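# Predicted model and sequence below, questions to follow.
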Amino acid sequence: MQGGAEVAVVGAGIVGLAAADALARAGVDVRCFEAAVPGDGQSAGRTRVFRHVHDRADLVELVSRARRGWDEWSELAGGALVGDEGVLFSSPDAEAIAELFTAAGVAHRLVGEDEQRRLLPILAPPGGPTLYDVRGGAIRVREAVAALVDRLGKRLVLDEVLALDSEGGVETASGSSRFDRVLVCAGARTPELAGPLGIELPLEIRDHTRATFRTRGEHARLACWLDRTNAYGATVYSGPIPALGGFAVGLATEDSDPAGSVARVTGYVERALPGLDPDPIETITRPLTILPWHPDAFAVWEAGAVLVFAGHNLFKFAPVLGDLLAEACRGRIAPELRPPDPQSA
């Protein structure tokens, strides 16, 4: 068996890259293995919405830490990785979320329909309370992935991991190595790698489709939009893609087939976002890995020298997850990463 570095990270999506980057910056000898193109699986696409909007105080606090991490990443990258558009959140729960923001010191305000139209001119406001998350915005996905890949340099190994053992052995398409610690962040492949280690993950894996629409007219800046009112027949998340002159829209709940998802999104755009041309200019389908106890849940499982990470809606948390997972590889698994006790669930 060939010699290895101290830590192997399996998967170069945003979380695997973030963990490998945090380990490297802490002086740990790390290798990050990726079978295909970094950021091309669960992290694929051009944008994500960075939002402080969560329904629990601990998640609001965690994402606030992540926002500071995005600022640090932006400085290292030499340019903003999260836009300054802000996020509009329309929901019966908007006022309750505003209270969580106030307690956490998150910049925000409740806005009426006139200000909603000013912040998002393509919108027909659905009515009801709407919260403006001032420091939310559109994540520049490809730029973020590229910056992390660049920082890792030769620590990124383009090789498929075929199997693991609990003593830190990693078998790849080109050979075998042993590491002090192995961290699995392999998206939809994670159950396949975890199963032989005796870890059965409670994951639901399904495809998710998002469509991008061209804006009618020129707009200097468009806020991201989260609609949980169902006033227009769907609940959605959405945000600008300046490189395409477009606006990406995805369902907060998903149809079982991509064509059905695109049809529902297009119908929503026609009713709620009349400033968009309802003919999609781009669609993307990617896997979701969903844990059962919360829409934004994530956790780590341990088998000997191997840590297995899984979760959903992770992109916004990436900088803080990278730090937490780096600490876990060094022996301290933070409470935020522990799955809930089945006896107390």
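On my side now, so go ahead. Numbering: from 1, shown residues only.
# and the end-to-end length of stretch 313-332?
Start to finish, the residues bounding stretch 313-332 are 24 Å apart (Cα to Cα, to the nearest Å).
# when you give positions from now on, start the count at 817
Yep, numbering from 817; the last one is stretch 1129-1148 now.
# Okay, buried residues for that stretch please.
Of the residues in stretch 1129-1148, those with enough neighbours to count as buried (16 or more other Cβ atoms under 10 Å) are 1129-1145. From N, CA and C alone the C-beta is placed, and that goes for glycine too.
# now, which of those lie within helices?
In helices, judged by DSSP state H, the following of those are found: 1134-1145.
# between the residues you listed, which is nearest Ala873?
Lowest distance from Ala873 to those (Cβ to Cβ) belongs to Val1136, with 15.6 Å.
# Look at the closest one and report its pLDDT.
In this prediction, Val1136 carries a pLDDT score of 98.
# any idea how far it lies from Ala835?
Applying Cβ to Cβ, to the nearest Å, the value for Val1136 to Ala835 is 11 Å.
# Equivalent analysis for Leu968, please.
The span separating Leu968 from Ala835 equals 11 Å under the rule Cβ to Cβ.
# Looking at those two, which is more packed in?
For the pair Leu968 and Ala835, the greater number of neighbours falls to Ala835 (29 against 21), based on other Cβ atoms under 10 Å.
# Now whichever helix in the chain runs longest: buried residues?
Here the longest helix in the chain is taken by residue count, with DSSP H as the criterion, and it is helix 873-893. By 16+ other Cβ under 10 Å, the buried positions in helix 873-893 come out as 875-880, 882-883, 885-886, 889-890, 893.
# Redo those as TSV? Include pLDDT and distance to Gly1055.
As requested, those are arranged in TSV below (pLDDT from 0 to 100; distance: Cβ to Cβ, whole Å):
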residue	pLDDT	distance to Gly1055
Leu875	98	20
Val876	98	20
Glu877	98	23
Leu878	98	21
Val879	98	16
Ser880	98	19
Ala882	98	17
Arg883	98	16
Gly885	98	19
Trp886	98	15
Trp889	98	18
Ser890	98	17
Ala893	97	19
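# Pipe the residues you listed into a markdown table and attach distance to Cys848 per row.
As requested, these are exported to a markdown table (distance: Cβ to Cβ, whole Å):
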| residue | distance to Cys848 |
| --- | --- |
| Leu875 | 27 |
| Val876 | 30 |
| Glu877 | 28 |
| Leu878 | 23 |
| Val879 | 24 |
| Ser880 | 27 |
| Ala882 | 20 |
| Arg883 | 24 |
| Gly885 | 18 |
| Trp886 | 20 |
| Trp889 | 16 |
| Ser890 | 21 |
| Ala893 | 18 |
